[in-house]
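Q: no sequence for this one, just the structure:
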């Protein structure tokens, strides 16, 4: 699906991470893994540090902190918001949704719409599209987009292939209707036939929570049915197949060339994938922010806003940049965008609790 | 690129395959793991503009099998 929406702007952005710093090499050594193996993985994949949430802290808490800091910095009263969109696959409860809970916490007006989008690593772009749609055509003047996950809770510590990858974070972005006409372009897509590549089998209606039997796969990784399971090779293939095409399409929609854009902001899956995508899309690595992964880990739906702040925050406070971005992951799904963003209010990335 | 060149390029891109020959059995290599499979995928993508799957690579027994994935 292709879409171009006008008369909106991003007014501000904030990200809050979990407060526990996990070091890849130290954790691996504690698990009895050879240092040489860990250093090889660290060098190739960019595995260095990640931030995970303390026990009891959820994606809702992290997004609430980011949203409060953002609204406070912008001087925006929560009662002036017309809608709240919450992107997550780690909600506090099956019911009610996180958006309603955050609506209550922040004190939004009863006339404000609040709903969740169940999306993962592509979810921030889907949320941005929804917020843009509401501002462009849906009668909203201000939409708060929150996106966050605590995927570290879903991985098994015995799954050395994916457990060291994920960090926990929540983000908040305020999208406003303006008279400005520069459009933001979107390309959204799904490959449902590949849905099994990233999966948590147990815990939903099809396979309710029950007894958990841990199993070990051919590579020696342990997990049970309520753990996140990912076929890394299939996800890598999917990413190299779909993301460059989506980026090329959204660039065409915008009438831009890669070399004349300021940055390509990608979901921070890992450094190896980011480098591969830079190479395949014709972007110089200097145009592709990658630091967020090495500092915070793969933050699922919060990783693009974290990469924006980490890589472009200083510039975005002062100027407008031509930014192309793409999220990709569970679904399998992807969402690309191209738009002129900034100047906007950028809150520094902080951990919670502080 | 002939087969010898392709073997050389593969060994350069996939650290687990350094010092191997076509007859080397992959399962005997200490670093033949999920990361090595990603590196093979990446090698085919960037060196040959060819998409191979994780299942295809996992089905390979030897380095020669990896080379046989190449489609001219």
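A: Looks like it came in fine. Since the structure is predicted, the reported quantities are computational estimates derived from the model, not experimental observations. Residues are numbered from 1 along each chain as shown, chains lettered A, B, ... in the order given.

Q: buried residues in stretch B:6-23?
A: B:6-7, B:10-11, B:14, B:16-17, B:20 (16 or more other CB atoms under 10 Å in any protein chain shown). All C-beta spots, glycine's among them, are computed from the backbone N, C-alpha and C.

Q: close to chain A, is it?
A: Yes: judged by CB under 8 Å from any CB of the partner chain, stretch B:6-23 and chain A are in contact via residue B:15.

Q: and the closest residue to chain A within chain B, what does it touch?
A: For chain B and chain A, the shortest gap (CB to the nearest CB) falls at residue B:54, measuring 2.4 Å. By CB atoms under 8 Å, 6 or more residues apart in numbering or on different chains, the contact list for residue B:54 reads A:231-234, A:236-237, B:37, B:41.

Q: ok, the top helix by length along chain A near chain B or not?
A: Identified as the longest helix of chain A according to DSSP state H is helix A:232-254. Yes: counting by CB under 8 Å from any CB, chain B has neighbours in helix A:232-254: A:232-234, A:236-237, A:240-241.

Q: chain center to that helix: distance?
A: In this view, helix A:232-254 has its centroid 16 Å away from the chain centroid, taken as CA atoms, centre = their mean, to the nearest Å.

Q: And the next helix or strand past that helix?
A: Once helix A:232-254 ends, the next helix or strand along the chain (criterion: DSSP states H and E) is strand A:263-266.

Q: Compute the number of surrounding residues for residue 48.
A: If you meant another chain, say so; for now it's chain A. 17 (other CB atoms under 10 Å in any protein chain shown).

Q: not what I meant, chain B
A: Residue B:48: 17 neighbours (other CB under 10 Å).

Q: Got the confidence number for it?
A: We have a pLDDT of 94 for residue B:48.

Q: With residue A:180 instead?
A: 69.

Q: For the nearest residue to residue A:77 once chain neighbours are set aside, give me phi and psi.
A: With sequence-adjacent residues excluded and distances taken as CB to CB, 6 or more residues apart in numbering or on different chains, residue A:77 is closest to residue A:71, at 7.6 Å. The phi and psi values for residue A:71, taken as degrees, to the nearest 10, are phi -60, psi -40.

Q: just residue A:334 next, same as before
A: Torsion angles, degrees, to the nearest 10, at residue A:334: phi -150, psi 150.

Q: Equivalent analysis for residue A:328, please.
A: Torsion angles, degrees, to the nearest 10, at residue A:328: phi -160, psi 140.

Q: what's near enough to touch the closest residue to it other than its chain neighbours?
A: Ranked by CB to CB, 6+ apart and with sequence neighbours excluded, the top spatial neighbour of residue A:328 is residue A:334, at 4.2 Å. Residues near residue A:334 by CB under 8 Å, 6+ apart: A:122, A:187-190, A:242-243, A:246, A:326-328.

Q: Can you tell me which of these are buried?
A: A:122, A:187-189, A:242-243, A:246, A:326-328.

Q: Pull the most distant pair out of those residues.
A: The most widely separated members of those, counting by CB to CB, are A:188 and A:243 (12.6 Å).

Q: Common neighbours of those two, please.
A: A:334, A:336.

Q: Show the model's pLDDT score for the closest residue to residue A:353 other than its chain neighbours.
A: In this structure, residue A:353 finds its nearest non-sequential neighbour in residue A:19, 5.9 Å apart by CB to CB, 6+ apart. For residue A:19, the pLDDT comes out at 98.

Q: can you check residue A:105 too?
A: For residue A:105, pLDDT reads 98.

Q: Need the three-state assignment for it.
A: helix (DSSP: H, G, I helix; E, B strand; the rest coil).

Q: how far out from the middle of the chain is the biggest helix by length in chain B?
A: The longest helix of chain B (DSSP H) is helix B:34-48. Centroid separation between helix B:34-48 and its chain, computed with CA atoms, centre = their mean, is 7 Å.

Q: in that helix, what counts as buried?
A: B:34-45, B:48.

Q: any residue of it up close to chain A?
A: Yes: counting by CB under 8 Å from any CB, chain A has neighbours in helix B:34-48: B:34-35, B:37-39, B:41-42, B:45-46.

Q: In whatever helix or strand comes next after that helix, which residues are buried?
A: Next helix or strand after helix B:34-48 toward the C-terminus (DSSP H and E): helix B:54-58. For helix B:54-58, burial by neighbour count (16+ other CB under 10 Å) applies to B:54, B:56-57.

Q: Output these in TSV, with pLDDT and distance to residue A:270 appended to each entry.
A: Below are those laid out as TSV (pLDDT from 0 to 100; distance: CB to CB, whole Å):
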residue	pLDDT	distance to residue A:270
B:54	92	16
B:56	95	22
B:57	96	19
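
Q: Remind me what the longest helix of chain B packs against, helices and strands.
A: Secondary-structure packing of helix B:34-48 (3 or more CB pairs under 8 Å, 6 or more residues apart in numbering or on different chains; DSSP states H and E): helix A:35-45, helix A:232-254, helix A:271-281, helix B:3-13, helix B:54-58.

Q: how distant is the shortest one from the center of its chain?
A: So that's helix B:54-58. With CA atoms, centre = their mean, you get 10 Å for helix B:54-58.

Q: Chain B contacts on the stretch 101-250 of chain A?
A: A:161, A:219, A:231-234, A:236-237, A:240-241.
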